[in-house]
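Trainee: Just need the structure, nothing else, for what follows:
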Amino acid sequence: MNLTAQQRYPEIELAGAVVLITGAGRGIGRATAHAMAARGAKVAVADLDRAAADEVAAEIGSAARAYTLDVRTRPSWDACVAAVTDENGPIDVLVGNAGVMPVAAFLDEPDEIGETTIDVNVWGLIHGMRAVAPAMVARGRGHIVNVASLAGKIAIPGLAVYNASKFAAVGLSSTARLEFAEAGVSVSTVLPSAVRTTLTSGLPLGKGLPTVDPEDIAAAVVRTVSTRRAQTPVPGYLAALDLGLAVSPEPLLTLIRKLVGGNRAITSVAAADRADYEDRVKSITRTSPPARAEADRNS
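Mentor: Sure thing, here's the model as predicted:
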């Protein structure tokens, strides 16, 4: 007998559930924190930018608490998870949302920027699941939802390392889902199209690429708690993308990219509009994860 996701995994009621959200100080994370709190969850608003996390927690009120978290490091994860658990109880839902998206031609992007992208977008998810999932497995229930991107399915010039990180996020989540399923712990991936946040500031949206709001992604994240779907593209009609990519010959895909301006991330960026975001990524990069800083000192 084939069981549905709802039958296979123990139900999680969001009312009273403890939800830890990374990158929750702005954008999708902020919208998700509000959406979870609106459904009665106790929300842990985690972000490297503690001031931003404090602001979101204040917006929500008593249902939320702010935490400092550098997703790139396991010690920061362990400290954050311990604090959340001590103050709220066991974590029922983990939302791996923190991410960065530098834009540059592959050969022009500095190594340290690429390293930050992989550290945040990939190691952030690895460390997070390893810090949170063991307790879920021991209890026999829990849900993890990782916010990836449609860039984890289709290549976009100007985003090569970002593409690599999101392809990795999709593969990581899919495999962890298989490993955790027998223990009653589900892993879902949400794959947004272009989202109207600072992450896409300065990029020419709207031509051939559907754009959505952070609240649309937050709603999809919330839905996975009940559906436990493996992958949820946003907008939903992009679910056919996998099949289309699999059966379309490369010349056709190249033509489609040309028609929709597929090189826009290289050729049409409004640098002035994107400057604040790129500076924020550089500021994260300058604060190297402890493990890498130690390795650099010893090299």
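
Trainee: My guess is V132 contacts V84. True?
Mentor: No: with contacts counted by C-beta atoms under 8 Å, V132 stays clear of V84, the gap being 9.2 Å. Where you see a C-beta, it was placed from the backbone N, CA and C, and this is true even at glycine.

Trainee: what touches both of the two?
Mentor: Here V132 and V84 have L20, I91 as joint contacts, going by C-beta atoms under 8 Å, 6 or more residues apart in numbering.

Trainee: Would you enumerate the residues in contact with I144?
Mentor: So I144 contacts 93-94, 96, 129, 132-133, 136, 173, 176, 180, 185-188 (C-beta under 8 Å, 6+ apart).

Trainee: show me where the stretch 101-250 of the chain has helices.
Mentor: Secondary structure of the stretch 101-250 of the chain (DSSP state H, counting those that start in this stretch): helices located at 111-118, 124-139, 160-180, 214-227, 241-247, 250-259.

Trainee: And the ones you listed: which comes nearest G29?
Mentor: helix 214-227 (8.4 Å; C-beta to C-beta).

Trainee: confidence score at A131?
Mentor: For A131, the pLDDT comes out at 98.

Trainee: Skipping adjacent residues, who's closest to it in space?
Mentor: Among residues not flanking A131 along the chain, W77 sits closest, at 4.1 Å (C-beta to C-beta, 6 or more residues apart in numbering).

Trainee: coming back round to it: who wins for proximity to P10 among the helices of the stretch 101-250 of the chain?
Mentor: So among the helices of the stretch 101-250 of the chain, helix 124-139 is nearest, using C-beta to C-beta, at 9.0 Å.

Trainee: what's next to that closest one, contact-wise?
Mentor: For helix 124-139, using C-beta under 8 Å, 6+ apart, the contacting residues are 20, 22, 71-74, 77-78, 80-81, 85, 90-91, 94, 96, 98-99, 142, 144, 146, 169, 172-173, 176, 180, 183-185, 187.

Trainee: beta partners of V187?
Mentor: I144 (DSSP bridges).

Trainee: so what's it up against?
Mentor: M129, H143, I144, V145, N146, S173, S174, A176, R177, F180, A230.

Trainee: Rebuild these as JSON lines, extending it with distance to V161.
Mentor: Output for the contacts of V187, formatted as JSON lines (distance: C-beta to C-beta, whole Å):
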{"residue": "M129", "distance to V161": "21"}
{"residue": "H143", "distance to V161": "29"}
{"residue": "I144", "distance to V161": "24"}
{"residue": "V145", "distance to V161": "23"}
{"residue": "N146", "distance to V161": "18"}
{"residue": "S173", "distance to V161": "19"}
{"residue": "S174", "distance to V161": "21"}
{"residue": "A176", "distance to V161": "22"}
{"residue": "R177", "distance to V161": "25"}
{"residue": "F180", "distance to V161": "28"}
{"residue": "A230", "distance to V161": "25"}
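
Trainee: How are the strands of the stretch 1-150 of the chain distributed by residue range?
Mentor: 18-21, 42-47, 64-68, 93-96, 142-147 (DSSP state E, counting those that start in this stretch).

Trainee: Tell me which other helices or strands the third one touches.
Mentor: Helices and strands touching strand 64-68, as assessed by 3 or more C-beta pairs under 8 Å, 6 or more residues apart in numbering; DSSP states H and E, comprise strand 42-47, helix 50-60, helix 74-88.

Trainee: Tell me which of the ones you listed is the most buried.
Mentor: strand 42-47 (a mean of 30; mean count of other C-beta atoms under 10 Å).

Trainee: Run the angle between that strand and helix 74-88 for me.
Mentor: Here the directions of strand 42-47 and helix 74-88 differ by 150 degrees (axes from the mean of the first three to the mean of the last three C-alpha atoms, to 10 degrees).

Trainee: So in that sheet, which strands flank strand 42-47, and in what orientation?
Mentor: strand 18-21 (parallel), strand 64-68 (parallel).

Trainee: wait, isn't S174 in contact with S188?
Mentor: No: judged on C-beta under 8 Å, S174 makes no contact with S188 at a distance of 10.0 Å.

Trainee: Tell me where the model's unsure across the stretch 51-200 of the chain.
Mentor: 194-200 (pLDDT under 70).
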